[in-house]
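Undergrad: Starting from these lines, generate the structure:
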Amino acid sequence: GPAGPAGPAVGTGAADRFALGFAPLGGPLRAVPAGYADYIVEVRGHGDRFTPYQPVGPGDAARHGAAAADHGGLHAAAVARAADLGLTSGSRVLVDAATHPDPLDWLLAPLVAGATVVLCAGLDAAGVPRRMAAERVTVNLTATPG
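TA: Just a heads-up that it's a prediction; the model follows:
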């Protein structure tokens, strides 16, 4: 198949193919490759809203890793974990996915606290201070939990 990042998508039979650039503030691509649509241009008008087809209740089944749970219990665990991590509304959390692989740490606890997440994979420990400054991080979750 073709070389480059689009190679695996070629020949899949997908009706639509999108290209995404990494321009600051989600700017559109300067030049869109032939046969592709600019993802940013296509989705900009759609807000970050989600309405489930059937809302879930606290007693409805949920999963936390391999463990069975219910949504109420998982919510309570996320609230407790947010408190343990010192997360509050407006916290900006730097998370190293290698040292905090549990979604309770990098997704659910920040979500219930009203925090935002800078999730990193393959984070260079020597670059953490620079990343914290650049991302205006207020909570650092890059060390292995003790």
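
Undergrad: Contact partners for the closest residue to residue 88 other than its chain neighbours?
TA: By the measure of C-beta to C-beta, 6 or more residues apart in numbering, the closest residue to residue 88 outside its immediate chain neighbours is residue 113, 5.9 Å from it. Quick note: C-beta positions are derived from backbone N, CA and C, even for glycine. Taking C-beta atoms under 8 Å, 6 or more residues apart in numbering as the criterion, residue 113 is in contact with 82, 87, 88, 89, 91.

Undergrad: Mind checking what secondary structure the first one has?
TA: For residue 82, the assignment made with DSSP: H, G, I helix; E, B strand; the rest coil gives helix.

Undergrad: what's the distance between it and residue 93?
TA: Computed as C-beta to C-beta, to the nearest Å, the residue 82 to residue 93 distance reads 10 Å.

Undergrad: intersection of neighbour lists for the two?
TA: Counting by C-beta under 8 Å, 6+ apart, the contacts common to residue 82 and residue 93 are 110, 115.

Undergrad: buried stuff in the helix or strand harbouring residue 118?
TA: Assessed by DSSP states H and E, residue 118 sits inside strand 116-120. Buried positions in strand 116-120, judged by neighbour count with 16 or more other C-beta atoms under 10 Å: 117, 118, 120.
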